[in-house]
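>>> sequence plus predicted model, see below.
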Amino acid sequence: MIQVSDNLFLLETEHSAYQMKVNERGMLEHLWYGARVDQNMDYLNLHNDLGFSGQIYEDQADRTLSPDTLMLEYPTEGIGDYRITAAKVEGALGLDLRYAGYEISTGEFNLDGLPHVRGELEQLTIHLKDEVLNLQVDLHYLVDEKHDAIIRWATFRNKANRSYRLDRSFGMALDFPVSEDVELISFPGRHNKERIMTRQPLAQNVVCFGSKRGTSSHQHNPSLIVCDSLTTENYGDAYGFLMVYSGSFKIEVEKDQTGQTRVLCGISPDMTRWTLDAHASFETPQTILFYSSQGLGKLSRNSHDLLRERILPKNDYHPILINTWEAVMFDFNREKLLEMADHAAKLDVDLYVMDDGWFGDRNSDLAGLGDWIPNKTKLGGSLNSLIEEINARGMDFGLWIEPEMINENSDLYRAHPEWVLQAPNRKPLISRGQMVLDLCNPEVVDYLEDVFTHLLSSGNIRYVKWDMNRSLGDVYSPSLPVEKQEEVCHRYILGVYDLLGRLTGKFSNILFEGCSGGGGRFDAGMLFYTPQIWCSDDTDVHERSKIQYGTSFFYPAVSMGAHVSEVPNQQTGRWASLEARAAMAMAGTYGYELDPGEMSEEEKAEIRALNKQFRSIQDLIVEGDVYRLSSPKNEQVIFQFMDKAKDRLVLLGIVYETRPSTMRRKIRLQSLPEQAVYETQDGVIYSARALMHGGLLLSQTCGTDAPVHIELKRIR
Ligand code: GLA
């Protein structure tokens with residue numbers, strides 16, 4: 001709901017309220033974001049006269065009113081606010097934004113070339129204008145009542161006859177009132193160790209993180225939670241910020257001299273400075289804001305529901321797949337592929353995915369990218385004939401591609417050396433033997449659309465893994481003039497979105513899975529096109545438990561690519577039982593990444609049984625609610641997946657260490673209806689209250705990383 005009266009703006013969701021006001025000077029002040037309240041929260045904003053915090057010209061007489069201490073809805077550079085700011089125009093020109101009106105509308109809002117929250121919602125747009133520069137900034141707010149979310153972004157409109165360079169152009173800012181107790185939760189990591197949940201207190205300081213890599217990156221995720229030290233899974237205030245963006249981003253947080261906190265989310269000003277031509281406009285990516293008064297768990301469930309309903313493309317295809325990568329890497333021929341397919345068919349999987357190595361001269365990572373022509377020698381015939389053989393074995397067929405990349409040793413590079421990102425007169429920066437195609441160049445995007453349209457039409461392809469295996473390095477586009485080079489990083493990701501939009505639109509029967517060396521581009525922007533993303537190249541169950549735990553704070557299990565791989569694990573050398581590997585992979589999309597020919601008949605039978613088990617609980621993973629029952633800090637990661645009616649649930653996870661000479665561990669379940677009674681798959685009956693307050697005893701574990709897989713159904 002959106003209400004406007006007496007210069008006061010009120011946005012309300014089921015459990016949250018957001019207030020702003022236009023002050024006497026036409027500045028847009030932020031008053032409140034948090035639990036629903038029944039009054040104007042302006043009374044919290046009492047100001048003192050602070051030394052070295054000046055006034056705007058008109059307010060010289062009242063030294064208590066300073067832009068340096070006001071909670072501002074969209075703080076800008078050059079008006080006497082010394083904190084971090086959301087927007088800055090060309091060096092020291094200053095940007096003094098004053099209120100210039102508002103609009104309320106309802107509908108589905110498309111962003112120009114950017115992924116966005118789908119569906120009909122109510123929108124408030126507030127116009128702010130700098131009369132000196134003749135530059136307008138529109139602040140947009142979509143209200144998603146059901147998911148307790150407010151979606152924000154900004155549009156810059158240049159009304160002047162000259163151009164302006166935007167040195168900072170964040171999509172949103174949020175000021176919090178004075179508090180001594182602020183904590184930040186973020187998800188840093190690296191390749192093979194993405195999104196590790198990290199919680200830290202905020203001192204009077206600026207904390208910032210982001211990516212300069214052209215992708216959202218393995219190192220940082222475009223998301224943040226602000227809470228206080230008392231917030232837990234089920235208690236306390238939590239504010240979530242989730243960017244719908246996959247390129248170089250930045251999140252900045254400052255606790256100022258007074259104890260107020262400011263959060264900014266946007267395109268990284270370190271990488272993109274956009275030149276706004278005369279009479280042109282520029283739209284920032286969206287950030288989804290969540291508020292929960294019931295701790296982190298509720299915030300996560302709202303995010304999962306919103307992403308499933310409003311970000312992920314519609315998809316009813318949830319196959320159990322087997323992928324060839326860890327089994328053979330680049331080393332295969334038709335005989336080997338079919339031998340694996342024969343064994344895979346006996347495992348009762350739905351989809352056979354041929355990973356990297358099937359095209360051009362691709363026998364290692366040093367050649368072939370760009371030449372998307374099936375290698376008939378390696379495939380022992382046409383791609384289509386191979387697909388038919390796989391289909392004949394009762395499995396769908398899927399394919400790996402890496403459209404954005406090119407090897408120096410490729411026919412495409414020999415034909416079009418000018419199609420790569422590369423600084424003039426310098427040698428290209430190489431990573432994994434490859435360079436990045438210039439997706440700022442529409443000619444390149446058109447070419448890729450043609451090539452992949454042809455490829456994906458050439459047979460019965462049901463699934464595509466869209467990979468991206470390096471960071472951008474020499475971010476210079478030969479297709480753009482010098483003065484536009486600081487736009488390349490953002491233009492690149494717009495090109496990626498354009499290509500993804502065209503191909504996923506044309507091939508709506510294909511399930512696209514995103515990937516970037518595992519989870520190097522795991523964000524809500526990519527999820528707009530690819531409903532699942534390979535979570536990490538690290539398939540070790542112990543490491544995966546931490547990765548999937550961190551990922552679960554914003555992203556639903558149905559979006560997390562997770563497979564059972566061989567032991568000892570290829571990334572860590574660690575051993576874990578098949579049940580343990582399966583328990584963690586089932587908390588995601590579920591599949592296999594191993595050579596089925598190396599399995600004994602017993603193991604194959606075990607896998608068939610696991611697949612059956614997974615299919616019987618898959619709806620809970622795809623559509624259900626998740627509760628994090630324990631964390632890596634407790635040396636066990638256990639998720640409770642439950643249907644919305646709370647009739648069926650499954651606990652999935654692992655216990656890290658076996659503790660000798662002590663009692664069995666117990667785990668307390670969450671959010672069951674008080675009067676309900678449940679039965680486990682072994683026929684043991686418990687009351688909901690016993691399960692929630694006493695807990696369920698876990699079996700005596702043996703060794704490390706012991707599996708937890710317990711199913712319960714409501715019997716009363
Ligand atoms: C990336 C992916 C892997 C695999 C390889 C192929 O690293 O994350 O799963 O597809 O590329 O080169």
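Thanks, I have the structure now.
>>> what does the stretch 301-450 of the chain have sitting close to the ligand?
Within reach of the ligand by C-beta under 6 Å from any ligand atom, the stretch 301-450 of the chain has these residues: 325, 355-356, 400. No exception for glycine: its C-beta is placed from N, CA and C like everyone else's.
>>> just the local confidence number for the residue nearest to the spatial centre of the chain, please.
Central residue of the chain (C-alpha atoms, centre = their mean): residue 523, 2.0 Å from the mean position. The per-residue pLDDT reported for residue 523 equals 98.
>>> pick out the residue of this protein closest to the ligand.
When scored by C-beta to the nearest ligand atom, the chain has residue 356 as its residue closest to the ligand, at 3.5 Å.
>>> how about that residue, nearest residue that isn't a chain neighbour?
Spatial nearest neighbour of residue 356, excluding adjacent residues (C-beta to C-beta, 6 or more residues apart in numbering): residue 400 at 5.2 Å.
>>> what is the mean pLDDT for the host helix or strand of that neighbour?
Here residue 400, judged by DSSP states H and E, is contained in strand 396-401. The average pLDDT for strand 396-401 rounds to 98.
>>> which neighbouring elements make contact with it?
strand 351-354, helix 383-392, helix 442-456, strand 461-466 (3 or more C-beta pairs under 8 Å, 6 or more residues apart in numbering; DSSP states H and E).
>>> let me have the ones you listed in TSV, adding mean pLDDT and distance to residue 282 as columns.
Listed next are these as TSV, based on pLDDT from 0 to 100; distance: least, C-beta to C-beta, whole Å:
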stretch	mean pLDDT	distance to residue 282
strand 351-354	98	39
helix 383-392	98	42
helix 442-456	98	18
strand 461-466	98	27
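>>> for residue 577, find the nearest of these.
strand 351-354 (24.5 Å; C-beta to C-beta).
>>> what's the closest one in contact with?
319-324, 337, 340-341, 344, 386, 390, 393, 395-400, 462-463, 465, 591 (C-beta atoms under 8 Å, 6 or more residues apart in numbering).
>>> at 6 Å what do you get?
Outside strand 351-354, the residues that touch it by C-beta atoms under 6 Å, 6 or more residues apart in numbering are 319, 321-324, 341, 344, 390, 395-399, 463.
>>> identify the bridge partners of the closest residue to residue 40 other than its chain neighbours.
Excluding the flanking residues, the one nearest residue 40 by C-beta to C-beta, 6+ apart is residue 8, at 6.4 Å. Counting by DSSP bridges, residue 8 is bridged to residue 5, residue 21.
>>> still on that earlier bit, same list (the helices and strands packed on strand 396-401) but as CSV, adding mean neighbour count.
Shown next, in CSV, are those (neighbours: other C-beta atoms under 10 Å):
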stretch, mean neighbour count
strand 351-354, 25
helix 383-392, 18
helix 442-456, 16
strand 461-466, 24
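>>> since we're on the residue nearest to residue 40, how many residues are nearby?
15 (other C-beta atoms under 10 Å).
>>> how much space between it and residue 420?
In this view, residue 8 and residue 420 are 53 Å apart by C-beta to C-beta, to the nearest Å.
>>> follow-up on the earlier one: what is the neighbour count of the residue nearest to residue 356?
21.
>>> show the contacting residues for it.
355-356, 465.
>>> distance of it relative to residue 455?
Look at residue 400 and residue 455: by C-beta to C-beta, they are 12 Å apart.
>>> does the residue nearest to the centre of the chain touch residue 217 like I think?
No - applying C-beta atoms under 6 Å as the test, residue 523 and residue 217 come out as separate, 9.3 Å apart.
>>> need the residues that contact the helix or strand just after the strand holding residue 400.
Counting by DSSP H and E, the next helix or strand C-terminal to strand 396-401 is strand 405-407. Strand 405-407 is contacted from outside by 367-370, 412-413, 434-435, 437, using C-beta under 6 Å, 6+ apart.
>>> want to throw those into JSON lines with distance to residue 628?
As requested, those are exported to JSON lines (distance: C-beta to C-beta, whole Å):
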{"residue": "367", "distance to residue 628": "44"}
{"residue": "368", "distance to residue 628": "42"}
{"residue": "369", "distance to residue 628": "39"}
{"residue": "370", "distance to residue 628": "43"}
{"residue": "412", "distance to residue 628": "46"}
{"residue": "413", "distance to residue 628": "47"}
{"residue": "434", "distance to residue 628": "38"}
{"residue": "435", "distance to residue 628": "41"}
{"residue": "437", "distance to residue 628": "40"}
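>>> quick one: which of those is most hemmed in?
The contacts of strand 405-407, ranked by neighbours (other C-beta under 10 Å): first place residue 369, 31 neighbours.
>>> so that residue touches residue 433, yeah?
No - Residue 369 lies out of contact with residue 433 (C-beta under 6 Å); the separation is 8.4 Å.
>>> now the longest strand seen in the chain: how far from the chain's centre is it?
Assignment by DSSP state E gives strand 164-176 as the longest strand of the chain. Averaging C-alpha positions (C-alpha atoms, centre = their mean, to the nearest Å) puts strand 164-176 21 Å from its chain's average.
>>> output the contacting helices and strands for that strand.
When contacts are defined as 3 or more C-beta pairs under 6 Å, 6 or more residues apart in numbering; DSSP states H and E, strand 164-176 sits against strand 87-89, strand 149-158, strand 261-267, strand 274-276.
>>> contacts only, for residue 24.
Counted by C-beta under 6 Å, 6+ apart, residue 24 has zero contacts.
>>> check the gap between it and residue 175 for me.
For residue 24 relative to residue 175 (C-beta to C-beta), the value is 19 Å.
>>> now do residue 570
Using C-beta to C-beta, residue 570 is found at 47 Å from residue 175.
>>> ok, residue 98 next?
Distance from residue 98 to residue 175, by C-beta to C-beta: 18 Å.
>>> quick one, which of these two is more surrounded?
residue 175 (21 against 15).
>>> tell me which residues touch residue 661, please.
Here residue 661 is in contact with no residues (criterion: C-beta under 6 Å, 6+ apart).
>>> what values do phi and psi take at it?
Residue 661 adopts backbone torsions of phi 50, psi 50, taken as degrees, to the nearest 10.
>>> again with residue 118
phi -90, psi 170.
>>> identify the bridge partners of the closest residue to residue 279 other than its chain neighbours.
Excluding the flanking residues, the one nearest residue 279 by C-beta to C-beta, 6+ apart is residue 158, at 6.1 Å. Taking DSSP bridges as the rule, residue 158 bridges to residue 135.
>>> what count of nearby residues applies to residue 158?
Residue 158 has 22 neighbours, counted by other C-beta under 10 Å.
>>> scan the chain for its longest helix.
helix 601-623 (DSSP state H).
>>> please compute how far it lies from its chain's middle.
27 Å.
>>> which strands and helices sit next to it?
Using 3+ C-beta pairs under 6 Å, 6+ apart: helix 601-623 touches no other helix or strand.
>>> list the buried residues of it.
604, 606-607, 610-611, 613-614, 617-618, 620-622 (16 or more other C-beta atoms under 10 Å).
>>> so the residue nearest to residue 174 when sequence neighbours are not counted versus residue 152, what's the distance?
Nearest residue to residue 174 in three dimensions, chain neighbours excluded: residue 263, at 4.8 Å (C-beta to C-beta, 6+ apart). Residue 263 sits 11 Å away from residue 152, going by C-beta to C-beta.
>>> likewise for residue 243?
For residue 243, the distance to residue 152 - C-beta to C-beta - is 10 Å.
>>> overlap of the contact sets of these two?
residue 287.
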